[in-house]
Structures are given as structure tokens and as C-alpha cells.
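1. Generate a structure from the sequence data that follows.
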Amino acid sequence: MTRSANGPSSPLPGRCFIGLMSGTSMDGVDGVLLRLDPGPQLLASTSLDMPEALRAALLALNTSGPDELHRAALAANDLARLYAQACERLLAASGLPREQVRAIGAHGQTVRHRPDLGYTLQLNAPALLAEQCGIDVVADFRSRDVAAGGQGAPLVPPFHDAMFNHGAPRAVLNLGGIGNVTLLAPGRPPRGFDTGPANVLLDAWCQLHTGQAYDRDGLWAAGGTADAGLLRHLLDSEPWFALPAPKSTGRDLFGLAWLQQRLASHGRALKPQDVQATLVALTAQTVARAVAGETLTSLLVCGGGARNPSLMAALAQALPCPVAPTDSEGVPGQWVEAMAFAWLARACVDRQAAGVPEVTGARGPRILGALYPGR
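-> The predicted model follows:
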């Protein structure tokens, strides 16, 4: 992957796309402006914090409550306006005229994910985003795959395949709120699936006991000791962990209530800091179980968890292959997910199937996304 120099970009051939991502952690919006065909070339990147009122509204919408439709519509509009701010920042940073951006890929915020019941719901207002930016918007990436009997997630394995499949069996692990892994091997379609909770539990437990939104640099967990008994209980008491791939999950299952129920049934009181350390071990062990039996030359890590030294150390200890952030391959881990949605937007515009049956279990490859014209 190549990068532009600081300041306005010089004209180069190839279409440009914006990718936007606000993940399960709901801590902010990441955005990138990519030049593709050939590529990718990262022209600009930005990150906006999620306003606390919007984050609270989105978190509340993860469970049933009064007046949900009204609250969801307002939250979707606020999220689209935040997306629009990110797009304007990207255009300003790159110096690229908006007319040269072919489309924006905007994933939206997942508040329900129930492929077992035939639906997935990402809050978004793509028509509002298109109106505010004057650029075509591609959204609703998951629904077509779910309609074809798939999980609708994870969506990023084909992008991981394009970026990191360099001739040796390896895996790419995204550690957002939920962990998901992509298995890459030469000459084979990528395989991928969710591994289980990552930052979703770490952040919730940290906020509950420290008041901080997340465990910066994993320091709080590093001061605790993982409890082997609690770790076994967390792994053994949840049937989802034993399900075969394809599989996906979200806050519908793995939230603070899930953890508190298991702490109560475990019956042994632990210091909050030791619980945090055990949650780090839980993420590492679920990843290790997910790739057990695979011959891997390396595991590349992206997402917010890649910036958590305690989590990276736990992964290195649990896995039999080298573990490194995607930055080591020249692809900044913070931007991988947003880059993937720029790439997926291009696939939709070009009517290329980006749904991978080997990943989601759908009946066949599908074109993902719906287009909202911006001009």
C-alpha cells in the first residue's frame, strides 16, 4: 500500500472512495479516503470521537425499550451527520475535489444482529449522508448476504485476502468490540468468522469499575492476574463458543449482562482488576481455539485491540505462530476496517460480488450494499 505525502494529493489515475466505520465499541468513527484501481493508496485518514450522548443512545438501542423507532431514527440521523463531518475532514486533508470521489462506503452502527432469525440491523441514514456530502453512498452491506441464508458477517475477509494473501498461510485478526479472524491460504478463497468478545467486554468492565471508557494500553489488566477457574467457566458456560463456522455474534449476546451473569454463577468473588485480566485471557483463548489445527506462518492484528499491549502479549503467548500488527506490513491497523468499506463500496458500484460463501455460509456469492445517489 502506498501513501500520499502531506498536503493536497497530486492527480493520479484511479477512482477514489471513502470508507467509514463505527464499530461495536462505539467509541468513534474512523474514516479513510483511498485511491483504488490500482491501489490502494491512502490519501487521508481521520478519526472522530463518538459524542457521549450519541454513544449512550446507540448503546440503549442494543436492547428493547420504549419508543425505539423514534429514538433509532434520531440516532441514525446524528450518526450520519458525524459521518458527514468525517468526510469533510478527509476532503480537506487530501485537497481532493468531492467530484473525484466515486462513492462513500458507510457501514452504519449495528444495534441488532440476528442472522439466525433472518435479519441484521445497522442504524444509518445514508440518504442524509448523500445529501450532505453530494457523493454517492453505499450502505446496508449485510442484508443481501443474510437474505441468501448467510451470517452477513464478517464482511472484511475478501479485503484481507486482497491485501495480505502473499503466498503463505496466515491469519488476519480484527479486534474491535467483537473479534473476527480471516484465514488465508494461496489458491483458496478466504475463510473467516467471529471468534467472540474482545473490546466489548473489556471496555464495559473497565468503564464500570474505573469510570474510564477503555483500559488505556491495557495497564489496568496488566496489574491484575487472570483467574484460571473463571476463564474455564466463561468458556464452558457459553454454547456459542462451541458452534462451528460460519458464525457471527455481537452485543446481542456478549454484553455486560452476559459477564455479570457468569460472575454470579461462578460464585467466587474476584477483584475487578483480576476479572479484567481474565477477560484479556478470554479473548486470547477464543482466538487460539478458533485457529487450532490451522498451519499459520503468522497472525496479523488490526483494530483497537492491536493497540493494547496486554492483549497482544496474551495472543503471542496463546498462539504457536508470530503475532504482529498489520502496521508491520505497511497497513495501519487503525484504518483497516474503514479501508475495507471503501473497497466494498467499489465492489458494489462495479457490481462485483463481495459476499464470500466460505465465510458467511450464504447460498452463493452476492453483491453487497445499496446505492444512494449523491448527485
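2. need the helix or strand of this protein with the lowest average pLDDT.
-> strand 2-3 (a mean of 52; mean pLDDT, DSSP states H and E).
3. what's downstream of it, the next helix or strand?
-> Helices and strands here follow DSSP states H and E; after strand 2-3, the next one along the chain is strand 16-21.
4. Validate this expectation: residue 246 resides in a helix.
-> No: counting by DSSP: H, G, I helix; E, B strand; the rest coil, residue 246 is not found in a helix; it is coil.
5. Tell me who's in contact with the residue lying closest to it once chain neighbours are set aside.
-> For residue 246, ignoring the flanking residues on the chain, the nearest one in space by Cβ to Cβ, 6 or more residues apart in numbering is residue 361 at 3.8 Å. Just so you know, the C-beta spots here come from the backbone N, C-alpha and C atoms, and that holds for glycine as well. For residue 361, the contacting residues are 149-151, 246, by Cβ atoms under 8 Å, 6 or more residues apart in numbering.
6. Dump those residues into a markdown table; add pLDDT as well.
-> Formatted as a markdown table, the contacts of residue 361 follow (pLDDT from 0 to 100):
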| residue | pLDDT |
| --- | --- |
| 149 | 97 |
| 150 | 96 |
| 151 | 95 |
| 246 | 94 |
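7. which of those residues count as buried?
-> 150-151, 246 (16 or more other Cβ atoms under 10 Å).
8. got the residues you listed as TSV, with distance to residue 289 columns?
-> Supplementary listing: the buried ones among the contacts of residue 361 in TSV, determined by distance: Cβ to Cβ, whole Å:
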residue	distance to residue 289
150	23
151	18
246	16
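9. quick one: pLDDT of the closest residue to residue 78 other than its chain neighbours?
-> For residue 78, ignoring the flanking residues on the chain, the nearest one in space by Cβ to Cβ, 6+ apart is residue 54 at 5.1 Å. Per-residue confidence (pLDDT) for residue 54: 96.
10. Tell me which residues are up against stretch 243-253.
-> Under Cβ under 8 Å, 6+ apart, the answer for stretch 243-253 is 24, 62, 110-115, 150-154, 177-178, 180, 191, 193-194, 196, 200, 240, 359-361.
11. quick one: which of those residues sit in strands?
-> Those of those mapping onto strands are 110-114, 178, 180, 191, 193-194, 196, per DSSP state E.
12. Okay, residue 297 and residue 187: tell me how far apart.
-> Distance check for residue 297 against residue 187: by Cβ to Cβ, to the nearest Å, it reads 15 Å.
13. Of those two, which one has the most company?
-> Neighbour totals were compared for residue 297 and residue 187, and residue 297 leads with 12 against 6 (other Cβ atoms under 10 Å).
14. Tell me, how many residues neighbour residue 339?
-> 30.
15. got it, and residue 223?
-> With other Cβ under 10 Å as criterion, residue 223 counts 13.
16. Helix or strand for the closest residue to it other than its chain neighbours, just tell me which one.
-> Among residues not flanking residue 223 along the chain, residue 273 sits closest, at 5.6 Å (Cβ to Cβ, 6+ apart). Element membership of residue 273, judged by DSSP H and E, is helix 272-291.
17. so that helix versus strand 191-197, what angle?
-> 160 degrees (axes from the mean of the first three to the mean of the last three Cα atoms, to 10 degrees).
18. tell me the contacts of residue 14?
-> Per Cβ under 8 Å, 6+ apart, neighbours of residue 14: 35-39, 41.
19. Quickly note the distance from the spatially closest residue to residue 277 that is not a sequence neighbour to residue 246.
-> Nearest non-adjacent residue to residue 277, counting by Cβ to Cβ, 6+ apart: residue 224, 3.6 Å away. Per Cβ to Cβ, residue 224 is found 34 Å from residue 246.
20. Residue 261 now?
-> Taking Cβ to Cβ, one finds residue 261 at 26 Å from residue 246.
21. cool, and residue 194?
-> From residue 194 to residue 246 the distance is 9 Å (Cβ to Cβ).
22. Helix, strand, or coil at residue 174?
-> strand.
23. check contacts around it.
-> So, once contact is read as Cβ under 8 Å, 6+ apart, residue 174 ends up touching 154, 156, 180-182, 301-303, 336-337.
24. still on that earlier bit, thinking the residue nearest to residue 223 is in contact with residue 219, fair?
-> No: counting by Cβ atoms under 8 Å, residue 273 sits too far from residue 219 to count as a contact (10.3 Å).
25. Between those two, which has more neighbouring residues?
-> Taking neighbours as other Cβ under 10 Å, residue 273 and residue 219 compare with residue 273 leading, 19 against 11.
26. Can you show me the strands along the stretch 1-150 of the chain?
-> Ranges of strands in the stretch 1-150 of the chain, per DSSP state E, counting those that start in this stretch, are 2-3, 16-21, 28-35, 41-49, 101-106, 109-114, 119-123, 137-139.
27. Dump these to JSON lines, plus mean neighbour count and distance to residue 325.
-> As requested, the strands of the stretch 1-150 of the chain are exported to JSON lines (neighbours: other Cβ atoms under 10 Å; distance: least, Cβ to Cβ, whole Å):
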{"stretch": "strand 2-3", "mean neighbour count": "12", "distance to residue 325": "17"}
{"stretch": "strand 16-21", "mean neighbour count": "30", "distance to residue 325": "17"}
{"stretch": "strand 28-35", "mean neighbour count": "26", "distance to residue 325": "15"}
{"stretch": "strand 41-49", "mean neighbour count": "19", "distance to residue 325": "16"}
{"stretch": "strand 101-106", "mean neighbour count": "27", "distance to residue 325": "23"}
{"stretch": "strand 109-114", "mean neighbour count": "22", "distance to residue 325": "24"}
{"stretch": "strand 119-123", "mean neighbour count": "19", "distance to residue 325": "27"}
{"stretch": "strand 137-139", "mean neighbour count": "29", "distance to residue 325": "28"}
